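1. here's a sequence, model it:
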Amino acid sequence: MKHLPKLIILLMLGLIPMQVLGNNFTGFFSPNTIVLNDLSAATFDPENVAGQTYLTTLTVTNVSSTAHILRLKVKLTWNDKQILETEFQSRQPIEPSESLVLTNGELFTNASSTYFTLFSGGYTGIDDIIKVDPTLKQALLSGYFPDGTIKAEVKMRAVTSAQYDEPAYFTIIVKNTGDITLLSPGQKLGGTPPQVNLKPVNFMWNALNTGFNKAWITIREFPRNLPPTQTSVALSGTLFYETPDDAAAQDLINNFMFSDFLPFNDGCYYAWQITLDRYTQHNPVSPSKRPRDSESLKSEWYVFQYVTDGTAVDNESELKTLLMSLNDDAINVLFSQGFIPADNVILNGRNYSGHEAVRLLREIIQKDVDITVGN
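-> Modelled structure (predicted):
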């Protein structure tokens, strides 16, 4: 009989309701992850819940057999650095199998709502968030979050429970695209378009590869007697080429180059532009969207004139003569090995070809220059 007290204690522990130990609530976000190119600093404004853009919803369900007052703890981090933590308590018990659907605006706030009262915590908005990190502060003061990962963790428990149930997570990945810089061929509208004769013509540009944006190229053709202008380039001429599908658009953003044996017409002008799809909190990533269907980021237009081989040979010969006049050993070795000028001169990020390249090189060789030959 001396073991009876221990047996009674074990039996009493076995009679403790399971909900006291947790397993009362489940929760999930839909969607649980979004990827954006920019995110407004006002997204988490606690003073303007109604103005917060819809990003996600949290569905919380009572999976126990007993009604419970629900306690929610909401923590938000940027690159694992905490930017807010609040705790809410439901105004009424949540019945068995009952679910609540809450928007991000009802979670990222320091105010009570229809279903909940603020239990602890709270924040004033951007004034609190900018204290977390200098990089974050600098970006938010300009109106947007910098590159990084914002993660929301929501823990749930019954007020009678000693522990939280399994948390739910919502993640925002921000990767800014930056600007699109066209390199070649051509130049900005407004001057004399350079002449190009390359076969095939190589279109090159720079942009940030976020891993989820795609790029499209548009090429428009204009007759030799009517070159494009700033006001006419997008509305006149004829559509000469456009990226045909998403697979080709993915190749463009991976390589930052487009090259094909397109049927360019002698003497005609060609204007080209790069477009990136752009995703914000108003327009999250969707594989089915193209720039024409959503927000987009466009480069400026570059224009060039396509010419026949005869003109090109003259340019090539003159470029070679000018380069040889520099009397540089490294350049002369390249010529002796059979290399020829590519008819492109790039200066300060701007590409010159044809007669413009010859003119620019003539100006350069009249100055004192240091020559470095590389790949």
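2. and the strand or helix carrying Ile274, what does it pack onto?
-> Assigned by DSSP states H and E, Ile274 belongs to strand 269-277. Using 3 or more CB pairs under 8 Å, 6 or more residues apart in numbering; DSSP states H and E as the contact criterion, the elements in contact with strand 269-277 are strand 215-222, strand 296-298, strand 302-306. Every residue, glycine included, has its C-beta placed from N, CA and C.
3. okay, these in JSON lines with distance to Ser90 next?
-> Written out in JSON lines, the entries for the helices and strands packed on strand 269-277 read as follows (distance: least, CB to CB, whole Å):
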{"stretch": "strand 215-222", "distance to Ser90": "48"}
{"stretch": "strand 296-298", "distance to Ser90": "43"}
{"stretch": "strand 302-306", "distance to Ser90": "59"}
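4. lowest mean pLDDT across these, which one is that?
-> Sorting those by mean pLDDT places strand 296-298 lowest, at a mean of 86.
5. tell me the buried residues in that one?
-> Burial within strand 296-298, assessed by neighbour count using 16 or more other CB atoms under 10 Å, is assigned to 296-297.
6. ok, and what's touching that strand?
-> Applying CB atoms under 8 Å, 6 or more residues apart in numbering, the contact partners of strand 296-298 are 37, 177, 180, 273-278.
7. reformat those as CSV; add distance to Thr53.
-> Conversion of the contacts of strand 296-298 to CSV gives the following (distance: CB to CB, whole Å):
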residue, distance to Thr53
Asn37, 14
Thr177, 19
Ile180, 26
Gln273, 29
Ile274, 28
Thr275, 24
Leu276, 21
Asp277, 18
Arg278, 15
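8. and the residues you listed, which of them are buried?
-> 37, 177, 180, 273-278.
9. closest one to Leu226 out of those, please.
-> In terms of CB to CB, no member of the buried ones among the contacts of strand 296-298 lies closer to Leu226 than Gln273, at 18.5 Å.
10. run through the bridge partners of the closest one.
-> The partner list for Gln273 in beta bridges (DSSP bridges) reads Thr218.
11. okay, it: pLDDT?
-> In this prediction, Gln273 carries a pLDDT score of 96.
12. swap in the one 3 residues further on?
-> The score at Leu276 is 90. That number is its pLDDT.
13. next one: Glu300
-> Turning to Glu300, the model gives it a pLDDT of 94.
14. tell me the secondary structure for it?
-> Secondary structure, DSSP: H, G, I helix; E, B strand; the rest coil: Glu300 is coil.
15. look up phi and psi at it.
-> phi -70, psi 170 (degrees, to the nearest 10).
16. show me what contacts it?
-> Counting by CB under 8 Å, 6+ apart, Glu300 makes contact with 182, 188-189, 273.
17. quick one: it from Asn197, how far?
-> Distance, Glu300 to Asn197, using CB to CB, to the nearest Å: 23 Å.
18. what does Ala41 show for phi and psi?
-> Backbone torsions of Ala41, given as degrees, to the nearest 10, read phi -60, psi -20.
19. isn't Gly211 up against Lys175?
-> Yes: taking contacts as CB atoms under 8 Å, Gly211 lies within contact range of Lys175: 7.0 Å.
20. grab the nearest non-local neighbour of Thr135.
-> By the measure of CB to CB, 6 or more residues apart in numbering, the closest residue to Thr135 outside its immediate chain neighbours is Pro146, 5.8 Å from it.
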